[in-house]
Structure formats: C-alpha cells, structure tokens
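>>> Fold the following, please.
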Amino acid sequence: MRLRNRARRLRSTLAVSAAYALTGIALVPLALVLGYTAAKGLPAVTHPEFFLNVERPIGIPGGGVSHAIAGTAIMVGLASMLSIPVGVVGGLYLGECGGGRWAGWVRLAADVLVGAPSIAIGLFAYAVLVVPLHHFSGWSGAVALAVLMLPVVIRTSEGAIALIPTSLSESGLALGLPRWRVSLQLVLPAAAPGVITGALLAVARAAGETAPLLFTGFGNRFWNLDPTQPMSALPLIVFHDALTPYPSLQNQAWGAALVLVVLVLLVNLSSRWVLRRQLRLAGQL
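Take a look at the predicted model:
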C-alpha cells in the first residue's frame with residue numbers, strides 16, 4: 001500500500017512539474033517578444049515629442065506619432081460603435097433563441113469571419129467603399145475593423161449569455177413580461193461582465209490590425225481628425241517605417257510598436273479585471 005501511494009505521489013509530482021514546465025515554455029516566446037520590443041522601443045518613447053509631434057521628413061529630428069495615436073483611437077472607436085451593438089444583439093439572439101436553422105447559419109457565418117484573413121476583409125472594404133468613393137478614408141478603415149470585431153463580439157456575447165440560468169428568464173416570463181424585455185432588462189445585464197470582456201477583446205484585436213488599413217485608411221503623415229480623409233494608425237507606422245533603411249524611422253517604428261503592445265496589454269488587463277470583479281461579486285451573493 002505504501003509503495004502504491006508513493007507511486008501515485010510520484011506520478012502526481014511529475015505531472016504537475018510537466019505542466020509547469022510546458023507553461024513556462026509557452027511563456028518564453030511572449031517574454032522574448034515583449035522584452036525585445038521594450039528594449040528597442042524605450043529609447044524612442046522616452047522623448048516627449050514622440051507623443052506630441054507628427055512624422056517629419058528624413059533627417060529632421062523630433063518626429064512623433066501623435067497623429068497615428070489619434071487615428072487609431074478614431075478608427076477603433078468608430079468600428080466599436082458599428083460592431084459592438086450589432087454583435088451584442090446578435091449574441092443575445094443566439095443565446096436566447098439559438099435553436100433554429102437561422103441561428104445555425106449565423107453561428108457558421110461568425111465562425112467563418114473569425115478565421116477569415118484580415119487582408120481579405122481589407123480587400124472587401126476596399127471594393128465596397130474605397131473604389132466607389134474614389135478615395136481612402138478613416139470611415140472605410142473603421143468598417144473593415146468593424147467586420148473583424150463583429151464575429152468576436154457575437155460569439156463571446158453568446159457564450160456569456162448561455163451561462164445565465166434559465167430560471168432568470170422563466171421568472172421574468174412568469175411575471176408577464178414580454179420576451180424582448182426579459183432579454184434586454186434581465187438577461188443582458190446579468191451577462192454584462194462577459195459581454196464587456198468580449199467587446200474589449202474585440203477592440204484589442206482591431207487595434208493591432210494592419211492589413212485592412214493598408215487598403216482603407218491608407219495612412220497620413222499629417223494631423224487629421226476627419227474620418228472622411230485618409231488617416232494614419234500605429235500599425236501603419238510600424239509597417240511603413242520598419243521597412244525603411246533609415247535608423248531614425250526604424251526607432252520610430254519600434255516606439256510605435258511598444259505603444260501598441262502596451263495599449264493592447266492594458267485592454268486585455270481591463271477585460272480580465274472586469275471578469276474577475278464579476279466573479280468576486282457573484283461569490284459574495
């Protein structure tokens with residue numbers, strides 16, 4: 001019996017050690033990417049003009065990415081306004097009335113869009129918006145990002161709503177409330193933390209996309225807050241400046257990459273905080 005218990009403990013220890021080792025191996029690439037990006041980008045972001053100025057011609061010091069930060073915020077904000085309400089309503093429909101054939105087609109479409117190459121979505125926005133209007137714009141970039149965000153919001157919202165007990169809906173229906181009021185006023189608020197988490201994850205994905213903006217927003221070296229005109233973005237700065245042979249522009253690209261990584265990291269941490277806070281509150285009830 002003692003030998004059997006020792007063998008079980010040994011196997012348990014080996015399994016736990018293997019799990020920790022594999023987790024550490026999985027974290028090594030992430031640590032290398034974050035460390036290398038921080039080491040290359042910190043020299044650029046330590047200068048205030050990096051966040052206050054726009055791009056300058058080669059050889060003139062003091063260039064910055066303020067226009068790219070503003071463009072990223074505008075296009076991602078517009079994409080969020082276009083995709084999050086539609087995605088939440090779609091996820092609510094799938095979570096509450098998701099047993100029909102139409103719901104199956106919606107799930108299939110969302111799954112296909114999740115796995116679709118972002119460059120294909122950029123080409124779609126280019127053909128639908130840029131070609132008919134004969135010019136690039138921030139709005140076309142926002143539409144392309146909205147298409148990328150939509151399936152993520154739909155599937156995460158459906159998953160969050162599916163975790164809500166059916167007794168909550170049944171209690172509302174028993175009180176005589178119509179189905180739409182039960183869904184919007186009872187089920188959706190109860191699933192709000194999961195829905196918010198999915199929306200933040202979709203925002204993080206859209207903020208780091210480059211390929212759709214190459215065909216839509218196109219880029220702009222000047223300060224511009226008008227979404228009807230071409231707009232710059234942090235991923236575009238990284239893409240264009242990193243390919244140049246000039247060290248000053250390469251340093252600017254590394255700085256923009258570091259700012260983008262920090263922004264995405266903050267969004268992901270915010271989503272984790274919202275989810276953990278809801279779980280903590282649920283445990284206190």
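
>>> C-alpha from now on. contacts and neighbour counts both.
Fine.

>>> Below-threshold pLDDT in this structure: ranges please.
Residues of the chain that meet the criterion pLDDT under 70 lie in 1-3, 278-285.

>>> most residues in a single helix of it, which one?
Assignment by DSSP state H gives helix 2-45 as the longest helix of the chain.

>>> what comes up buried for the helix or strand that it is followed by?
Using DSSP states H and E, the helix or strand that directly follows helix 2-45 along the chain is helix 49-52. For helix 49-52, a neighbour-count test (16 or more other Cα atoms under 10 Å) marks 49-51 as buried.

>>> ok, residues contacting helix 49-52?
Residues from elsewhere that reach helix 49-52 (Cα atoms under 8 Å, 6 or more residues apart in numbering): 44-45, 62-66.

>>> Put together a markdown table for those, with neighbour count and distance to Leu14 on each row.
Formatted as a markdown table, the contacts of helix 49-52 follow (neighbours: other Cα atoms under 10 Å; distance: Cα to Cα, whole Å):
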| residue | neighbour count | distance to Leu14 |
| --- | --- | --- |
| Ala44 | 22 | 45 |
| Val45 | 21 | 45 |
| Gly62 | 16 | 55 |
| Gly63 | 22 | 54 |
| Gly64 | 25 | 52 |
| Val65 | 29 | 50 |
| Ser66 | 22 | 51 |
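
>>> Now tabulate those residues in JSON lines and tack on distance to Trp254 and secondary structure.
As requested, the contacts of helix 49-52 are exported to JSON lines (distance: Cα to Cα, whole Å; DSSP: H, G, I helix; E, B strand; the rest coil):
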{"residue": "Ala44", "distance to Trp254": "8", "secondary structure": "helix"}
{"residue": "Val45", "distance to Trp254": "9", "secondary structure": "helix"}
{"residue": "Gly62", "distance to Trp254": "15", "secondary structure": "coil"}
{"residue": "Gly63", "distance to Trp254": "13", "secondary structure": "coil"}
{"residue": "Gly64", "distance to Trp254": "12", "secondary structure": "coil"}
{"residue": "Val65", "distance to Trp254": "11", "secondary structure": "coil"}
{"residue": "Ser66", "distance to Trp254": "15", "secondary structure": "helix"}
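
>>> between those residues, which is closest to Leu236?
Val65 (10.7 Å; Cα to Cα).

>>> residues in contact with the closest one?
So Val65 contacts 50-55, 234, 237, 252, 256 (Cα under 8 Å, 6+ apart).

>>> try it again with 6 Å
50-51, 54 (Cα atoms under 6 Å, 6 or more residues apart in numbering).

>>> burial measure for Leu148, as a count.
Counted by other Cα atoms under 10 Å, the residues lying close to Leu148 total 28.

>>> Doesn't it lie inside a helix?
Yes. Under DSSP: H, G, I helix; E, B strand; the rest coil, Leu148 sits within a helix.
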